[in-house]
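**Q** One predicted model, sequence on top.
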Amino acid sequence: MLLVEDDPQLLTMLEVLLTEEGYQVDTAADGQRGLHLGLTRDYDVVLLDRGLPAIDGLDLLTRLRVRGIVTPVLVLSALGNPADRVAGLDAGAEDYLSKPFDVDELLARLRALRRRHLDAARSLPVPGGRLELDTRYVSRDGAEAVRLSERECDLLGTLAARPGQVFTRTQLLGLVFDAAESEVVVDTYVHYLRRKLGRKIVDTVRGRGYQLGRAR
């Protein structure tokens, strides 16, 4: 979990509470740090304050969504009137809870968000269809499903989990393959995916690396 909260006492209290509930918690006390963590690490859920220094909470959320980060977000804020809740949901939050809050209700909402995220994460949209991670099949509109190898599935799943992110070969080598292998293995498996699913499945970003193909 990513916890972004600028009140030091509340941040400490929530970190202890959530750790006791079994979460592994990364914390940020301002929007800039929260944005960096949200863009560079994977989380099951984000708990986000609105009134943050450096970058406002809703601005942070918008930036995450624009970059393709789909992790569910619960906004926790002292701004609790209907217009504030609507603004939070319109910015991309899945849930919104006003301060002061009931601890049991907060934990229940987080559990619900995490369940929905983990269920959805087993099936990821890709150009022309969906990747089913459990079976390693790509179902395609109007065409026969394609079975991937374990490494092909891991590579495509990594790209599909963050569709707006460009991954360098070094990053993909560390995330999907054995770091001791040559980066050429990344190019090889991109070729395999394109051979099975078409060239549009993975985009090459010249001088940077690869990203999930964009729907055309």
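**A** Thanks, I have it. The structure displayed is predicted, hence computed values, not measured ones. Residues are numbered from 1 along each chain as shown.
**Q** Give me the domain ranges for the chain.
**A** 2-120, 123-212 (automatic domain parsing).
**Q** Next, count neighbours for the residue nearest to residue 103 when sequence neighbours are not counted.
**A** The spatially closest residue to residue 103, leaving aside those adjacent along the chain, is residue 17, at 6.8 Å (C-beta to C-beta, 6 or more residues apart in numbering). Placement of C-beta: from N, CA and C, glycine included. Around residue 17 there are 14 other residues, counting by other C-beta atoms under 10 Å.
**Q** Just the buried residues of the helix or strand where residue 17 lies, please?
**A** Following DSSP states H and E, one finds residue 17 within helix 8-20. The neighbour-count check on helix 8-20 (16 or more other C-beta atoms under 10 Å) flags 11, 14, 15, 18 as buried.
**Q** And for stretch 191-205?
**A** 192, 193, 197, 201, 202, 203.
**Q** measure that stretch end to end?
**A** This stretch, stretch 191-205, spans 15 Å end to end (C-alpha to C-alpha, to the nearest Å).
**Q** residues in contact with it?
**A** 126-128, 138, 140, 146, 148-149, 152, 155-156, 159, 166, 190, 210-214, 216 (C-beta atoms under 8 Å, 6 or more residues apart in numbering).
**Q** export the buried residues of stretch 191-205 to TSV and tack on secondary structure and distance to residue 43?
**A** Output for the buried residues of stretch 191-205, formatted as TSV (DSSP: H, G, I helix; E, B strand; the rest coil; distance: C-beta to C-beta, whole Å):
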residue	secondary structure	distance to residue 43
192	helix	30
193	helix	26
197	helix	28
201	helix	26
202	strand	24
203	strand	25
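**Q** what ranges do the helices span in the chain?
**A** 8-20, 31-40, 57-66, 82-90, 103-120, 150-161, 169-176, 184-197 (DSSP state H).
**Q** Number of residues surrounding residue 162?
**A** Neighbours of residue 162 (other C-beta under 10 Å): 18.
**Q** That one reaches residue 64, doesn't it?
**A** No - between residue 162 and residue 64 there is no contact under C-beta atoms under 8 Å: 10.5 Å.
**Q** Can you list the low-confidence ranges for this protein?
**A** Within the chain, the segments meeting pLDDT under 70 span 118-121, 179, 215-216.
**Q** cutoff 80 now
**A** 66-68, 70, 80, 115-123, 141-142, 161-164, 178-180, 214-216 (pLDDT under 80).
**Q** re earlier: out of the helices of the chain, which is closest to residue 134?
**A** Ranking the helices of the chain by proximity to residue 134 (C-beta to C-beta) places helix 150-161 first, at 9.8 Å.
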